[in-house]
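Can you look at this prediction? I've put the sequence above it.
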Amino acid sequence: MIKKFLKRVFSKSAKVKSVGNAQVIPFELHGVPREQISFGAKKVTDGLQAAGYQAYIVGGAVRDLLLDRIPKDFDVATDATPEEVKRVFRRSRIIGRRFRLVHVMFGEEVVEVSTFRSMIEAEDAETDEHGRLLRDNQFGDMEQDAARRDFTANALFYDPTTQEIHDYHRGYDDTRNHLLRMIGDPATRYREDPVRMLRAVRLSAKLGIKLDAATAAPIGKMKDLLDNVPEARLLDEVLKMLLSGHSVECIQHLRKMHLHHGLLPLLDVILEQPVGEKFVMLALRNTDERLSQEKPVSPAFLFAALLWHEVLAAWLQYQKQGERPIPAMHTAMDDVLAKQKKQLAIPHRHDAVMKEIWLMQIRFDQRSAQRPFRLLEQPRFRAGFDFLLLRCASGEVDQELGLWWDEFQDASAERRDEMLQPEGAGDKKRRRRKPRKKPAATNEPAA
Ligand code: ATP
Ligand code: MG
């Protein structure tokens, strides 16, 4: 409120200055005070400027502040080389081999500092046969650094000392107009780096701003270029989408632009099944909500949800062929993971957790004798149970099952005993568990 009021009072007299090819927007117009810059980022720009270098806050942070959002992190751009940055800050290290950056540490906060870079001139550019840039690590000046960035909103340079924003591509006006616009010719920029198509979708969904028409237009025609992007980078970007807190909007945008084909091929199949689609969308919405409440979310849980209906179909198929439920589940899980891995390299490190979550789903049906007690002791019971609730909400299984487990978890020993179901035909005979006794008190002093 105060910010808006101040903006109105001052904006009458404040003017945009032109300095070279940049427009310099004063605080009185944009209204972002230096107090909104993190402690560490402010220390970095102060330190570099005191040592005689240029230093600005750049990228997503400036954009987010202009849109009244809290930035995830603050990046700094400077004309100092990585070695020079390192000399200014004792607690810092150079990272990356090809694209060298400096991480400066302030307690918990890590500020990423990059040296201004230039785009390599077209004739010298090292590209693959489709025009994808393989190198862009030549140092340059601030103007060149702005030009190599993707969207105009991402190419704003904020100086915490003067509180001015330097803008070479009308990014300030675009941001104010809630428009995401590619710098330069969109088709050329997508050819240089096809991942920019996914960034366009993710950032417009996450920020709730519109993709400029010329920026959106080539995407439909150029989406096949994503096939040439290394898998690890694709996965990184897909994960950023799924964990952006706006995954539902991202998926809707992807579908609208037909970008989800080939990206998550199994998602195609899943989204066409009525039960499967509901389940996937519920899982995504659930993730978005958890993120908005700052609760942790696990990529493995999300991948398990995305692939669940594939696993389920394969599981039923193997059982029809005469396999027993548990071995059928193992074969189904291995099949689905192998198939998915060829198209979208989900790292192996998630396999174990995904399998645990899937396997638990069969065990939720077993509500007699010792079995529910053993399931409760599983270290990942909570994830398995959350997954079960999604299945209930999507209509795949009866709500009653979710309610039963909800009660059973916190019930007293007596109530649990009452809740247990009689042993069914499929269950092995086991003695009913006796209510647990409290451990006997001892008189030994605590160690
Ligand atoms: P987020 O809020 O998700 O962090 P971001 O815009 O900060 O969004 P980063 O991946 O952190 O995204 O990138 C930081 C900055 O680097 C961007 O704002 C942009 O200026 C530049 N950048 C990142 N990826 C590209 C790309 N593929 N092509 C050109 N510039 C890029
Ligand atoms: Mg960022």
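Great, that's in hand. Residues are numbered from 1 along each chain as shown. Ligands and ions are numbered 1, 2, ... in the order given.

Might one say that Phe157 is in contact with Arg149?
No: assessed by Cβ atoms under 8 Å, Phe157 is found out of contact with Arg149, at 10.2 Å. To be clear about C-beta, it is placed using only N, CA and C from the backbone, and glycine gets the same treatment.

So which of those two has more stuff around it?
Using other Cβ atoms under 10 Å, the more surrounded residue of Phe157 and Arg149 is Phe157, with 26 against 22.

Counting neighbours, what do you get for the closest residue to ligand 1 within the stretch 251-400 of the chain?
The minimum distance from the stretch 251-400 of the chain to ligand 1, using Cβ to the nearest ligand atom, falls at Leu291 (12.9 Å). Neighbour count of Leu291, defined by other Cβ under 10 Å: 16.

so what's the backbone phi/psi at it?
Torsion angles at Leu291 (phi, psi; degrees, to the nearest 10) stand at phi -70, psi -40.

helix/strand/coil for the closest residue to it other than its chain neighbours?
Setting aside the residues directly before and after it, Leu291 is nearest to Gly245 in space (Cβ to Cβ, 6 or more residues apart in numbering), at 4.0 Å. Three-state assignment for Gly245 (DSSP: H, G, I helix; E, B strand; the rest coil): coil.

surely Gly245 meets Ser292?
Yes: using Cβ under 8 Å, Gly245 is in contact with Ser292, at 5.9 Å.

Would you list the phi and psi of the spatially closest residue to Leu376 that is not a sequence neighbour?
Among residues not flanking Leu376 along the chain, Gln409 sits closest, at 6.6 Å (Cβ to Cβ, 6+ apart). Here is the backbone geometry of Gln409 (degrees, to the nearest 10): phi -50, psi -40.

How many neighbouring residues does Gln409 have?
13.

before we move on, back to that, contacting residues around the residue nearest to Leu291?
206, 288, 291-292 (Cβ atoms under 8 Å, 6 or more residues apart in numbering).

With His169 instead?
Per Cβ under 8 Å, 6+ apart, neighbours of His169: 146-147, 152, 155, 183.

Rounded mean pLDDT for stretch 354-374, please.
Stretch 354-374 shows a mean pLDDT of 94.

buried sites along that stretch?
Under the neighbour-count criterion of 16 or more other Cβ atoms under 10 Å, stretch 354-374 has 354-358, 360-361, 364, 366-369, 371-372 buried.

Lys210 is in contact with Leu180, correct?
Yes: counting by Cβ under 8 Å, Leu180 touches Lys210, with 6.9 Å between them.

Could you count how many residues lie near whichever residue of the stretch 51-200 of the chain sits closest to ligand 1?
Going by Cβ to the nearest ligand atom, ligand 1 is nearest to Gly60 of the stretch 51-200 of the chain, at 2.3 Å. Other residues near Gly60 number 20, with proximity taken as other Cβ under 10 Å.

Please apply the same query to Thr188.
Neighbour count for Thr188, taken as other Cβ under 10 Å: 12.

give me the element it is part of.
Applying DSSP states H and E as the criterion places Thr188 in helix 186-192.

list the buried ones in that helix?
186-187, 189-192.

what residue lies at the spatial centre of the protein?
With distances taken as Cα atoms, centre = their mean, Lys240 lies nearest the centre of the chain, 2.5 Å away.

Quick one, grab the pLDDT at that one.
Confidence score, pLDDT, at Lys240: 90.

Then Asn443?
pLDDT recorded at Asn443 is 41.

ditto for Lys15
At Lys15, pLDDT is 89.

who's in contact with it?
Pro26.

Quick one: the strands in this structure, in order.
With DSSP state E as the criterion, the chain has strands at 17-19, 22-25, 55-58, 75-78, 92-95, 101-106, 109-115, 117-118, 138-139, 156-159, 164-167, 179-180, 210-211.

Buried deepest among those, which one?
Neighbour counts (mean count of other Cβ atoms under 10 Å) averaged over each of the strands of the chain peak at strand 55-58, with a mean of 27.

which residues sit against that strand?
Counting by Cβ under 8 Å, 6+ apart, 37, 41, 44-45, 47-49, 74-78, 80, 114, 142, 145, 155-160, 166 sit against strand 55-58.

got the CA coordinates for that strand in CSV?
Written as CSV, here are the backbone C-alpha positions of strand 55-58 (Å, rounded to 0.1, in the frame of the first residue of the first chain):
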residue,chain,number,x,y,z
ALA,A,55,27.5,-5.0,-9.7
TYR,A,56,23.7,-5.4,-10.1
ILE,A,57,20.9,-7.7,-9.0
VAL,A,58,19.7,-9.5,-12.1
